[in-house]
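**Student:** this is a predicted model, with the sequence first.
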Amino acid sequence: MTQLLSNKALLSRLVSFDTTSANSNLPMADFICDYLDRPGIDIERNESEDRTKTNLVIRAGPTGRGRRGLVLSGHMDVVPATESDWLANPFSLTEKDGQLVGRGAADMKGFLALVINRVAGLDAPSLRDPLVLIFTYDEEVGTIGAKHFAETWHDRDQLPTSAIIGEPTSLRVIRMHKGHLGVRVTIFGISAHSGYPHLGANAIEPAARVITALSQLRRELESEREPNSRYFPEVPYVPLNIATVDGGVALNVVPDKCAVECCIRLLPEMQKEPMVERVRELVQQCAGD
């Protein structure tokens, strides 16, 4: 059995693994599995399709308790350490002015180190309810590992319903987060030379009307309140951000396509379908089918 490390020593080991998404996370996952190879702890892997990365599901405590217990979850990957102002190797934990510095020390290997050591030091057979650790890959590039887990894990319905996600949000406890709904509206026209515009159909012009309508929808959403608005006092509404506009190829060409992308942050318990339909009706009104 691997000797129990201090929290700081364990964090140092985790930081030493370069788990940026361009790399495999298997060396770090192997280390965690070896470290937690202890009586009463069950570990399963949920590998990516190409088998270069894996999620980890680590269980302690009794089975067959339905949805009771607690999930502690975090991601193993980190963003690239390409900033020019690093004063030391970002993948070597250092201490400066009483703070531990390293890529991923806060986001979020610090949390992983704490919960790994908590489980490693438990008398697992004495637990009354299950304690489950779920560690995912590629969160920083689109929660890819979490999505893969949700789509492929064999007994999702047996996981505890209560969960703590160790993602640092200004280092404050956050009860819940808003969702993220991405919407892409593509307007198609007919290409033509700008000298003969009557032979074409400009896609940017109806796209401009869509943008204006989305701006109006944004203002409407800011005046609306949902049951969970009270948990977001700074922004108690559904934010809508018009994020990108892409259309046209040259000054002398009537554009035949224009795409508008926006982000809508739904409040907890809101369903995406009514909002998607609301946007669809708006687009049809100002741009046609």
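**Tutor:** Here it is on my side, so go on. Residues are numbered from 1 along each chain as shown.

**Student:** how about the longest helix anywhere in the chain: buried residues?
**Tutor:** For the chain, the helix reaching the highest residue count under DSSP state H is reported as helix 204-223. By neighbour count, and taking 16 or more other Cβ atoms under 10 Å as the criterion, the buried residues in helix 204-223 are 204, 206-211, 213-214, 217-218, 221. All C-beta atoms are positioned from the backbone trio N, CA, C, and that covers glycine.

**Student:** and if you look at stretch 111-123?
**Tutor:** 111-117, 119-120, 122.

**Student:** over to stretch 25-34?
**Tutor:** Buried, per 16+ other Cβ under 10 Å, within stretch 25-34: 25-26, 28-29, 31-33.

**Student:** strands along the stretch 1-150 of the chain, start to end?
**Tutor:** Along the stretch 1-150 of the chain, the segments classed as strands by DSSP state E, counting those that start in this stretch run 41-47, 54-60, 70-75, 94-96, 99-101, 131-136.

**Student:** of all those strands, which one is nearest Asp18?
**Tutor:** Evaluated over the strands of the stretch 1-150 of the chain, closeness to Asp18 peaks at strand 70-75, with 14.7 Å, by Cβ to Cβ.

**Student:** parallel or antiparallel, list what pairs with that closest one.
**Tutor:** The partner list of strand 70-75 in its sheet, established with DSSP bridges, is strand 131-136 (parallel), strand 163-165 (parallel).

**Student:** OK, contacts around Phe17?
**Tutor:** Applying Cβ atoms under 8 Å, 6 or more residues apart in numbering, one finds that Phe17 lies in contact with 25, 27-28, 31, 91.

**Student:** can we see that at 7 Å?
**Tutor:** 27-28 (Cβ atoms under 7 Å, 6 or more residues apart in numbering).

**Student:** now it: phi and psi?
**Tutor:** The phi/psi pair for Phe17 (degrees, to the nearest 10) reads phi -90, psi 120.

**Student:** for Ser170, see how far away it is.
**Tutor:** Shown here: Phe17 relative to Ser170, a distance of 26 Å by Cβ to Cβ, to the nearest Å.

**Student:** returning to that earlier point: tabulate the strands paired with strand 70-75 (TSV), appending distance to Ile144.
**Tutor:** Supplementary listing: the strands paired with strand 70-75 in TSV, determined by distance: least, Cβ to Cβ, whole Å:
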stretch	distance to Ile144
strand 131-136	8
strand 163-165	16
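
**Student:** three-state assignment of Pro160?
**Tutor:** Assigned by DSSP: H, G, I helix; E, B strand; the rest coil, the conformation of Pro160 is coil.

**Student:** what's the mean pLDDT across stretch 135-153?
**Tutor:** What stretch 135-153 shows for mean pLDDT is 94.
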